[in-house]
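Visitor: Fold the stuff below for me.
(one chain, ligands or ions: 2)
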Amino acid sequence: GQVFRLEDYRASDYRIPELEMTFRLTAEETRVTARLQVERRADATPQTPLLLDGDGLVLEALEIDGAPAAPDAYEATPDSLKITRPPQRERFTLTIVTRLAPADNKALMGLYLSNGVYCTQCEAEGFRRITYFLDRPDILSVYRVRIEARREEAPLLLSNGNPVESGDLGEGWHYAVWHDPFPKPSYLFALVAGDLSAVRDRFVTASGRTVALAIYVEHGKEERAAYAMDALKRAMRWDEERFGREYDLNVFNIVAVSDFNMGAMENKGLNIFNDKYVLADPDTATDTDFANIEAIIAHEYFHNWTGNRITCRDWFQLCLKEGLTVFRDHEFSADQRSRPVKRIAEVRTLRAHQFPEDQGPLAHPVRPRRYREINNFYTATVYEKGSEVVRMIRTVLGEDAFRAGMDLYFDRHDGQAVTIEDFLACFEEASGKDLAQFALWYHQAGTPHLAVSTRHDAESGEFVMDIEQSVPPTPSEARKRLMHIPLAFGLVGPDGRDMTYQSAEGAEVEDGVIHLRKRRHSVRFTGVRARPVVSLNRGFSAPVTLSVEQPRSDRLFLARHDSDLFSRWEALNTLFTEAAIEAAARIRGGKAAEFEADLLSMPAEIAADESLEAAYRALALTLPGESDVAREMGTNIDPDAIAAARDALRTAIGRQGQATFAEIHAALQQHGRFSPDAESAGRRALRNVLLDYLAAAGGPELAARQFQAADNMTERAAALAVLAHQFPESEQTRAALAAFEARYRDNPLVLDKWFTVQATVPGQGTVDRVRALMAHPAFSLTNPNRVRALIGAFASFNQTGFHRADGEGYRFVADTVLAVEAHNPQVAARLAVSFRAWRSLEPGRREEARKALAAIAGQKQLSRDLRDIVERTLA
Ligand code: B3K
Ligand code: ZN
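Guide: Ligands and ions are numbered 1, 2, ... in the order given. Below you'll find the predicted structure:
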């Protein structure tokens, strides 16, 4: 397939400053008339052909400047339209008529039908499935869109921008016209037409303009949109206060649809959402669902400035909008909830998704230089590591210079399509700092590693930290350059408080941050009388891995005393991980797991420590997942041994803390009305972690009781998971699964939880169970949420099931990838990513996984999306 290269970027010879579209909608045959105002760039030669992108299009008619185009004036295929002899004038119009069949579109890119609602998805290259166009983000156009539809089928007609006109067309048809005054790239175009119900509100901006807000949902689901609306208003206010960004249109619309390839889409003034990230109430949504809705509503809203007003020059710059917008939504959630708790959750996500990517065959820089299929680059690296990089810019510059850099960026580039270099230049100018070495974070793939050892001399009061950085090789980048790594630290004294020092030499040390720029730094602190315990990468200041030569007693000390709550969590997490790794090795060697007493007693101490907020205690008590342990082990992975080790650790902790845990679990029972606020959610989270331990130590009864007594989904779903995962064969589990299914039979989003909990039951038998569930009436291979809930959950979160030693898990997932691939390449490619860690497995499983991948690769007809993923994974 064709490879696109960053260095090949060239501005287009033509611009399309204005675009008028008319849609005449029917499910089987929609007619799209697009009238493009084309402008040749002054420096382009007049004869230059104009080559427009298409994807599977049927051309019905073509006019140039209002007259039918001569047959020899153009060449049309489903995938391109070439105007071979464009008019000599600098400006001309093209009128293109295409015919689409939304009902047949199961790839969910371009114009499609979801539950009877017409909707669009254009990012990254879906607009070319609607009409021929210069479908690239640096072509900015003002859109005027007219939608015609049968009133009965689609009383609601929406597009980007502001509504300007609507009316009746007779014979049951009607129309609406929308105008978006802000020039935008085609990927931000959207249209929605259907029969939906509106939840309305209003927002008065800082400068006093009133914005009409609406969230559209299926009839009967209005009440479940209340939380999303509340989150939207908070996000709008926050962006004004924290970044000085005001909303710019008279209306802001959000539509929830049930068939959607990802989470949501930031189309200008018309965000389209996967309904999973809009709909919530206490009976159907968990606290995690509420938090995700808050974050994603905010994320898409924040794109209005970081993405829409200022967009990407080309798709290599994707992190320009995504990394930055993730950073902004992280900051928003941190302000709305608990900052340390949010930070720990972010780091857990980064390690679970981005680290394995960065350390495997699909590794790529935050700003990639090559792609075959851009949709495969909406990755944890671009999003999450991209956000970490922005966060480090703030650490390097300080809050004030960072804000000045952002202000400059908004000011200078509003209305433009720009690059990472443009972005970085704003921070260099605002701060006077040189970010040349720092920029490697965008250009170089791989997770940097820091090896640290320390020595203390009591007599001279000297404390020395020897730090060495290395970046492991990644595909197509064998040699790495040295990075600028901002490493936050503290020297913790015997009383648990941070010690001061007189001077620091050997690296730039400023505001508790060591700036590493060389391979080796020997950082020498003076005036340090007592031996400090060093706390490193506080707040996770840099996305690196770290090995510190430190006695285990130091880690235990930090787990009890570090004043940085992130690092305190990290110390305990590391202790748990090390314990699980050791136990897994013993189990593989035919021995029983053993754990240190001082580790087993710590959880009860923390659970009872009321100086810590409940959400924090819940995170501290959460054991590293099986895949976290596997990642730390690195190679020759045996998922069964890891699962057995983790179970043994959970049981040992549960037994040790049983009395305390039971008391706190009972005391945390909520009385009164449910509230999704962070504090209440934290108490539920703690209660649920304790339940997991109590069940491991004492059996299924308590979980069965919690399941029955629960008046909210958070406690109900957690109890169900404890039952299903710890006691898959028990009567209590069978009864709870049946009750859950009966209760939510008509609510597909909630049944997804039921699919997931069963897909993640550990062990050999789950493959067959998942196969059987695919025949359940609520399951559908064409709905991405269903596929992810059942197959995706099995492949990504069931280590012992997916990695079944005989390879049956791999074969099942590979077959399903191919079945999905037939209609939805994007979702299939995502699913195939679950194979990426195959080389780190023990030899038997490695060979089985390779065979399953090779079976996919051996297919003659593969989409670009899937072929790209499997070939890179196997390479
Ligand atoms: N920008 C969209 C993602 C589009 C994915 C296209 N394959 C959602 C977001 O990041 O906000
Ligand atoms: Zn985004």
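
Visitor: what about the residue in the chain sticking out farthest from the centre, distance to ligand 1?
Guide: Taking CA atoms, centre = their mean, the residue of the chain most remote from its mean C-alpha position is Glu459, at 51.0 Å. Separation of Glu459 from ligand 1 (CB to the nearest ligand atom, to the nearest Å): 56 Å. C-beta: built from backbone N, CA, C; applies to glycine.

Visitor: Also Glu596?
Guide: Where ligand 1 is concerned, Glu596 sits at a distance of 44 Å (CB to the nearest ligand atom).

Visitor: Mind listing what's buried along the longest helix seen in the chain?
Guide: The helix spanning the most residues in the chain, taking DSSP state H as the definition, is helix 639-667. Applying a neighbour-count criterion of 16 or more other CB atoms under 10 Å, one finds 639-654, 656-658, 660-662, 664-665 buried in helix 639-667.

Visitor: again with stretch 836-855
Guide: For stretch 836-855, the neighbour count (16+ other CB under 10 Å) marks 836-838, 840-842, 845-846, 848-850, 852-853, 855 as buried.

Visitor: picking up where we left off before, the inter-axis angle of the following helix or strand past the longest helix of the chain versus helix 639-667?
Guide: Heading C-terminal from helix 639-667, the first helix or strand you meet, by DSSP states H and E, is helix 678-698. Here helix 678-698 runs at an angle of 120 degrees relative to helix 639-667 (axes from the mean of the first three to the mean of the last three CA atoms, to 10 degrees).

Visitor: Show the backbone phi and psi for Asn376.
Guide: The phi/psi pair for Asn376 (degrees, to the nearest 10) reads phi -80, psi 0.

Visitor: from now on call the first residue 39
Guide: In the new count, where the first residue is 39, that last one comes out as Asn414.

Visitor: Pretty sure it sits against Val908.
Guide: No. Taking contacts as CB atoms under 8 Å, Asn414 lies outside contact range of Val908: 10.9 Å.

Visitor: Arg189: neighbouring residues, count only.
Guide: If you count neighbours by other CB atoms under 10 Å, Arg189 ends up with 16.

Visitor: what's the answer for Glu77, then?
Guide: The burial count for Glu77: 17, using other CB under 10 Å.

Visitor: Same check on Asp472?
Guide: 10.

Visitor: for ligand 1, what are the nearby residues on the stretch 389-538 of the chain?
Guide: Residues of the stretch 389-538 of the chain lying close to ligand 1 (CB under 6 Å from any ligand atom) are Asn413, Tyr416.

Visitor: All the helices of the stretch 389-538 of the chain, residue numbers only.
Guide: In the stretch 389-538 of the chain, the helices defined using DSSP state H, counting those that start in this stretch lie at 393-396, 418, 424-435, 437-451, 458-469, 478-481.

Visitor: which ones are touching the residue lying closest to Val858 once chain neighbours are set aside?
Guide: Excluding the flanking residues, the one nearest Val858 by CB to CB, 6 or more residues apart in numbering is Ala866, at 4.2 Å. Residues in contact with Ala866 (CB atoms under 8 Å, 6 or more residues apart in numbering) are Val855, Leu856, Val858, Glu859, Ser901, Asp903, Leu904.

Visitor: burial count for Arg79?
Guide: Arg79 has 13 nearby residues by other CB under 10 Å.

Visitor: and the nearest residue to it once chain neighbours are set aside, how far is that from Glu77?
Guide: Nearest in space to Arg79, with sequence neighbours left out and distances taken as CB to CB, 6+ apart, is Asp51 at 5.6 Å. Asp51 is 10 Å from Glu77, where distance means CB to CB, to the nearest Å.
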